[in-house]
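Trainee: have a look at this fold, sequence not included:
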């Protein structure tokens with residue numbers, strides 16, 4: 001179980017986030033606090049793997065909490081759950097070790113997707129020992145992958161992360177066949193994931209001309 005601390009000053013929202021956490025397999029709400037000071041105390045007591053952190057707290061900012069955790073050498077991951085969406089705050093959050101950023105308001109589907117991506121990231125990195133480059137790449141791909149909600153039946157987040165990694169490793173765009181070869185999956189499978197990503201605005205899809213017959217679609221990650 002991934003023991004998760006909810007830090008949210010609005011009590012009704014905090015209770016809703018606790019319920020959300022409990023609905024995601026593999027996660028458990030380990031506590032709920034409403035200020036930065038309480039968050040630091042709870043984390044320092046131990047037993048917390050992940051902090052869902054509001055950035056607008058009554059006694060300090062979420063960034064202040066992150067700074068204090070890093071200064072104390074506390075090894076805990078943080079997902080920002082906040083209405084603060086300005087570029088400066090987002091960049092500062094990344095600089096202070098925030099692994100994911102979820103902007104309020106959001107649906108349960110978006111919330112679950114972030115937690116599932118985080119769980120995949122933890123699983124790929126493992127608890128100890130050396131990690132190969134491709135394992136590191138897949139772990140970070142799991143964090144970056146965002147298909148905009150739950151996946152259709154028959155699709156998996158693991159395969160989605162592999163497809164995204166295959167696109168990221170390309171110097172430019174790639175066809176479904178090229179992605180399939182790089183990812184080690186069937187061409188029809190690669191195309192299904194690529195079309196999902198294109199429909200949800202994660203990748204750009206455009207035709208590639210040059211051979212006889214119908215043009216081949218190529219895909220490029222956006223952002």
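Mentor: That came through fine. Values in this document were obtained by computation on a predicted structure and should not be read as measured data. Numbers count the residues shown, from 1 in each chain.
Trainee: any stretches of this protein with poor pLDDT?
Mentor: 126-150, 210-213, 223 (pLDDT under 70).
Trainee: residue 52 falls within a helix, correct?
Mentor: No. Counting by DSSP: H, G, I helix; E, B strand; the rest coil, residue 52 is located in no helix; its state is strand.
Trainee: what's around it, how many residues?
Mentor: The number of residues packed around residue 52, counting by other C-beta atoms under 10 Å, is 27. Quick note: C-beta positions are derived from backbone N, CA and C, even for glycine.
Trainee: which residues touch it?
Mentor: 4-8, 17, 21, 79, 81 (C-beta atoms under 8 Å, 6 or more residues apart in numbering).
Trainee: try residue 102
Mentor: 79-82, 110-111, 114.
Trainee: just the buried members of these?
Mentor: Among the contacts of residue 102, those buried by neighbour count (16 or more other C-beta atoms under 10 Å) are 79-82, 111, 114.
Trainee: can you redo the contacts of residue 52 as TSV with distance to residue 166?
Mentor: Shown next, in TSV, are the contacts of residue 52 (distance: C-beta to C-beta, whole Å):
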residue	distance to residue 166
4	31
5	35
6	35
7	36
8	37
17	34
21	32
79	26
81	30
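Trainee: closest to residue 184 among these?
Mentor: In terms of C-beta to C-beta, no member of these lies closer to residue 184 than residue 79, at 30.1 Å.
Trainee: which residues touch that closest one?
Mentor: 50-53, 98-102, 114-115, 118 are the contacts of residue 79 under C-beta under 8 Å, 6+ apart.
Trainee: cool, and residue 92?
Mentor: Applying C-beta under 8 Å, 6+ apart to residue 92 gives the contacts residue 63.
Trainee: for it, give its distance to residue 98.
Mentor: Look at residue 92 and residue 98: by C-beta to C-beta, to the nearest Å, they are 9 Å apart.
Trainee: one more: residue 170?
Mentor: Distance, residue 170 to residue 98, by C-beta to C-beta: 27 Å.
Trainee: again with residue 119
Mentor: Taking C-beta to C-beta, one finds residue 119 at 17 Å from residue 98.
Trainee: show me which of the two is the more surrounded one.
Mentor: Using other C-beta under 10 Å, the more surrounded residue of residue 119 and residue 98 is residue 98, with 21 against 18.
Trainee: from memory residue 220 sits against residue 204, does it?
Mentor: Yes. Look at residue 220 against residue 204 with C-beta atoms under 8 Å: they come within range, at 4.8 Å.
Trainee: what residues do those two have in common as contacts?
Mentor: With C-beta under 8 Å, 6+ apart, residue 220 and residue 204 have common neighbours residue 173.
Trainee: quick revisit: mind putting the contacts of residue 52 into JSON lines with secondary structure and distance to residue 161?
Mentor: Listed next are the contacts of residue 52 as JSON lines, based on DSSP: H, G, I helix; E, B strand; the rest coil; distance: C-beta to C-beta, whole Å:
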{"residue": "4", "secondary structure": "strand", "distance to residue 161": "21"}
{"residue": "5", "secondary structure": "strand", "distance to residue 161": "26"}
{"residue": "6", "secondary structure": "strand", "distance to residue 161": "26"}
{"residue": "7", "secondary structure": "strand", "distance to residue 161": "28"}
{"residue": "8", "secondary structure": "coil", "distance to residue 161": "29"}
{"residue": "17", "secondary structure": "helix", "distance to residue 161": "25"}
{"residue": "21", "secondary structure": "helix", "distance to residue 161": "22"}
{"residue": "79", "secondary structure": "strand", "distance to residue 161": "17"}
{"residue": "81", "secondary structure": "strand", "distance to residue 161": "22"}
